[in-house]
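Undergrad: Sequence first, then the predicted structure:
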Amino acid sequence: MKNPVFLIAKKEIQIALRQKLITALAIVIMGLLSVALYAGYIAYTQQQTVVENAQEKSRKEWLEQGDKHPHIAAHYGTFVFKPKTILSLFDFGLDTFTGTSVYLEAHYQHEFMFRPAQDHSSMIRFGELSASLVLQVLIPLLIIFLAFPAFTEERENGTLKLLVSQGVSYTPIIWGKILAYLSILFAIVFPFFALAIILSTGITTSDSIPDPWLRVLFLILIYALYLLIFVSFSVWVSIQSSTGRNALLTLLTCWILFTIIIPKTTANLGESLYPLPSMKIYREAIQKDIRNGLDGKTPKTTREEQLKKKYLQDYKVDSIHKLPLNFEGIRMQVGEDYGNKVYDIHWKRLIKIFDKQNRISSLSSFITPYLSIRNVSMGLTATDLHTSIHFQKTTEKYRRELIRKMNHDMAQNSRYGEFYEYKASKNLWKTVNGFRYKTMPAYKILLLYRIELLSLCCWAILVFFLLGYSSRKIKPVL
Amino acid sequence: MNRVTITLLRFEWVSFTRNIFQIVMLGCTFLLGLYAIYYGQSEIKVQRETIKDVIEIEKTEFHQYQASFKEELASVTQKKKLTIASDPAYAWHRHGYHAILHPHDYAALAIGQCDLHPFYYRLTGMSLHYQLFENEIANPVKLYVGNFDLSFVLIYLFPLLIIAFSYDLYSGEKESGVLPLLHIQTVSIRKIIIIRLVFYFCLITGLALLISFIGLTTSGNIMISENRLATLFWLLGVIVYSAFWFAILFCIVSFKMNSSFTAISAAGVWLLFLIIIPAVLNVWITAKYPTNSTSLAEITRRTSLENEEDENEAKEVITEFLAHNPHLKDSDSLIHNNTLAKAYAALTSLKDMHSKEDVDHYNNQIYQRNQRTSDLHWINPAVNMQGVFIHIAKTDLNTFHQFHTSIELFHRNISDFYFQKLFWDKPIQPEDYSRLPSFTIQRDEVKWSTLILLGIAKVSIAMILFFVIGFVIMKKKRI
């Protein structure tokens, strides 16, 4: 005799295939997945070309800026553009809401400019169709439509009684049904997962993700777990409900709470509890600390006086004109270093507020598995806030290196009091390498999302426990 | 109202009051509505406090300049302060003015795009584009998720409430075995369903109006002239949007399917209007009308004269600038004084002039793209209604475009104020501080009303369409 789990699964699949609504929904979802991936690919290629061209142009301008004083070059600066990663075609994440370019110049850390959402009307706030949206939000709805009558229908038709009287225990019935729904889902998403694997292995090395295949593997694993949780949860609700109507309404209510209401309220709550400073106040605080010193007692003039004294003592001379290097270059670099130190303190404070705000969403993933998958998926596709912050850090590091080289050259090769007399050439500009960005490795990202991963595991354990518990308590007739 | 109608309404009222689940749902929605109002108001309060701080900073800055005229010039710092206050060569790029977009009273109810766009800018006479593209600090996760404001509750949650209350108006009767009894009555089933729908329409729309009224009265004075029309439009919008969803439910119910199928269909329509259609349109718009902001990045660069020590180059720049500014043209006789400072001012102004074409081209691309988007509002009344709400609250993209246009004019006034002094070699006098340029936003109130009414009309047409379809199908379809 065949394993009852497979027998039940086979019967469930046959029933599902006979239902026009389910077939239609499956086709719609496959269609949406195709459109989403195609649109993602178009957006990726468009953006990638634009960014590569802009980056190239910016590099060319830097190298061919002509002979000029290094400090003028430091102000002329350069631009860095955020590259789009290949995996972003699957999950757009926060790309629409983070700035895409930044101007790097001396003394000042500019903010990222041009958030793509700013170019859209308010419709953008309704979300964009991506494969991740389909998998995270729409497929759970298909699962609900598939699984809500799992037990209620058997009970309403009296077939559950018949099944039990045949000697089948509840556990194989439950798992047979879960297996059937998972097989249907697998048939729907398999072509897309296969495509993702092929794409990830075929990615050229120019992409900024160093380990795409590993990320794709993790994505497949966590999405499989997420869908398993939703299927098991839906079957459990069906077991617990007296009628199909009740099961459906309960599941739809849960879906709305999980995917719409809780994510929004937690993000909003985060902002209300930990308010962000306005840009003006934030900038003013940085400038004030640079002006008056971090302790509020050593203003810029005093710091410069101390620096001057130190150099005169170190080189045992009585005038900065007699120093073997241009003191102006030293002063600028020390000023730059101090500005960086102040900036780092304020920036870290700001990032900490972001962390606190987002922690509420992370912890809420114990209430809704959607938040776990949303956050981990964004992380793995490098479209999340952590990657955005990592990118900002990399650009800032690049800016500091660029300015340091300019100040160093000025200190070493020009004389104090001379400005227009000294001009650096392309040889100096060439010492600053072109900007290249590589994302964090996948394991680091996963570590950052350990709460979400833990919550996903807890969800899986919870639904399996509930199913196990309910299988012993099921009544064939309510 | 005849007796049958009264009996039906009374029956519906009794069954509603006995249904704890429905009462709890209404109560929860009411509480969510109150939370949304509170959240929106707290968001706008933060903006208003920032604006207050910004105004204070500007006041302090200018107060210092004015005070420096009266101070004794004992220290280097005091002398420097007076130079910045009186010498236009410094003042034009040091004096910071703020262009502020004060949030409308009802912005708290529909936050719209106002968390995405900066609502104030500090402007000096320096290149406008150097100052215009800096963003306000925002958590991208929060921007992505959106705001839980009243417009969200009305647009997303109320349709769900409507679905939950009315999906089984027909199938419920059928499944509980009451339908044959209804058929033997003198009243038609269609009439019974319509009366029941009207009852729930009054109930749910009443709740939506109550929450809206609380929101409107606590966010601003509804009687003042700026808010009166906005209040009316908001309440009208709520009624029409609610009616639209009842018309959809009537249409779905008219197919006389079982409860589960009706609920699935209604949930499907909700999903279609609120998630799928906007999500598909957004990616379509992005792919079809791509914008390229990288070209704009370049114009934010700080630039200087090629050879600062070359006086001829400086003079050439000034001459080119004067050719574009006839009101300053005669000052060319003074070109030898303060040449470098004048050249910088001229260069900045010319740079803005040359970049204007790129900026206008970019803005035009966005305008075209959003025109296409608003054309598509016909197929999605939910997005359309959201557009109407944020238009009423003046938190839409159009308002930010108007803000930017007004900023351009303001920046020109600032530059002109200082350049008049700089190019005519005149110092800034204490009395000039009473004639400082000030910012006003240019608005088109007629266009504002027209767009709102047009938006509401589109939803009304969709509502009528669905109702008529439902009415016809209900008649044709047998049990």
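TA: Okay, I see it. All values reported here derive from a predicted model rather than from experimental measurement.
Undergrad: Quick one: classify the residue nearest to the spatial centre of chain B as helix, strand or coil.
TA: Nearest to the mean C-alpha position of chain B, by C-alpha atoms, centre = their mean, lies residue B:395 at 1.8 Å. Using DSSP: H, G, I helix; E, B strand; the rest coil, the structure places residue B:395 in coil.
Undergrad: ok, for it, nearest residue in space, not its chain neighbours?
TA: Leaving aside its sequence neighbours, residue B:395 sits nearest to residue B:112 (C-beta to C-beta, 6 or more residues apart in numbering or on different chains; 3.2 Å). C-beta: built from backbone N, CA, C; applies to glycine.
Undergrad: Now do the contacts for the one you found.
TA: The contact partners of residue B:112, by C-beta atoms under 8 Å, 6 or more residues apart in numbering or on different chains, come to A:122, A:125, B:151, B:389, B:390, B:393, B:395, B:396.
Undergrad: What's the local residue count around the second one?
TA: Residue A:125 is surrounded by 25 other residues when neighbours are defined as other C-beta atoms under 10 Å in any protein chain shown.
Undergrad: how far away is the closest residue to it other than its chain neighbours from residue A:271?
TA: Closest residue to residue A:125 apart from its sequence neighbours, by C-beta to C-beta, 6+ apart: residue B:146 at 4.8 Å. Distance of residue B:146 to residue A:271, computed by C-beta to C-beta, to the nearest Å: 11 Å.
Undergrad: of the two, who's got more company?
TA: residue A:271 (24 against 20).
Undergrad: What distance do you get for that one to chain B?
TA: 5 Å (C-beta to the nearest C-beta, to the nearest Å).
Undergrad: Report the secondary structure element holding the closest residue to that residue other than its chain neighbours.
TA: Once flanking residues are discounted, residue A:271 sits nearest to residue B:142: 5.3 Å by C-beta to C-beta, 6+ apart. In this structure, residue B:142 sits in helix B:140-145 according to DSSP states H and E.
Undergrad: How about residue A:467?
TA: If you go by DSSP H and E, residue A:467 is part of helix A:450-473.
Undergrad: That helix and chain B, any residue contact?
TA: No - judged by C-beta under 8 Å from any C-beta of the partner chain, helix A:450-473 makes no contact with chain B; its nearest approach is 12.9 Å.
Undergrad: Packing partners of that helix?
TA: helix A:170-201, helix A:212-240, helix A:327-364, helix A:369-380 (3 or more C-beta pairs under 8 Å, 6 or more residues apart in numbering or on different chains; DSSP states H and E).
Undergrad: so what does the next helix-or-strand element following the shortest one touch, helix or strand wise?
TA: With elements assigned by DSSP H and E, the helix or strand that comes after helix A:369-380 is helix A:385-413. With contacts defined as 3+ C-beta pairs under 8 Å, 6+ apart, the packing partners of helix A:385-413 are helix A:70-76, strand A:78-81, strand A:101-105, helix A:327-364, helix A:369-380, helix A:426-431, helix A:442-448, helix B:140-145.
Undergrad: From the chain's centre, how far out is the helix or strand hosting residue B:23? Work that out for me.
TA: For residue B:23, the host element (DSSP H and E) is helix B:20-68. A distance of 15 Å separates the centroid of the chain from that of helix B:20-68, by C-alpha atoms, centre = their mean, to the nearest Å.
Undergrad: Please work out the average pLDDT along it.
TA: Here helix B:20-68 scores 90 as its mean pLDDT.
Undergrad: Same check on stretch B:229-240?
TA: Averaging pLDDT residue by residue across stretch B:229-240 gives 94.
Undergrad: One more: stretch B:110-122?
TA: Here the average pLDDT along stretch B:110-122 is 89.
Undergrad: Moving C-terminal from the least confident helix or strand in chain B by mean pLDDT, which element do we reach first?
TA: Here the helix or strand of chain B ranked lowest by mean pLDDT, DSSP states H and E is helix B:179-183, holding a mean of 70. Going down the chain from helix B:179-183, the next helix or strand is helix B:189-219, by DSSP H and E.
Undergrad: what angle separates the helix or strand that that following helix is followed by from helix B:189-219?
TA: Tracing the chain past helix B:189-219, the next element assigned as helix or strand by DSSP H and E is helix B:225-253. Counting by axes from the mean of the first three to the mean of the last three C-alpha atoms, to 10 degrees, helix B:225-253 lies at 150 degrees to helix B:189-219.
Undergrad: ok, back up a step: next, format the helices and strands packed on helix A:450-473 as a markdown table and append distance to chain B, mean neighbour count and mean pLDDT.
TA: Shown next, in a markdown table, are the helices and strands packed on helix A:450-473 (distance: least, C-beta to the nearest C-beta, whole Å; neighbours: other C-beta atoms under 10 Å in any protein chain shown; pLDDT from 0 to 100):
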| stretch | distance to chain B | mean neighbour count | mean pLDDT |
| --- | --- | --- | --- |
| helix A:170-201 | 16 | 18 | 82 |
| helix A:212-240 | 12 | 22 | 90 |
| helix A:327-364 | 5 | 17 | 89 |
| helix A:369-380 | 9 | 27 | 94 |
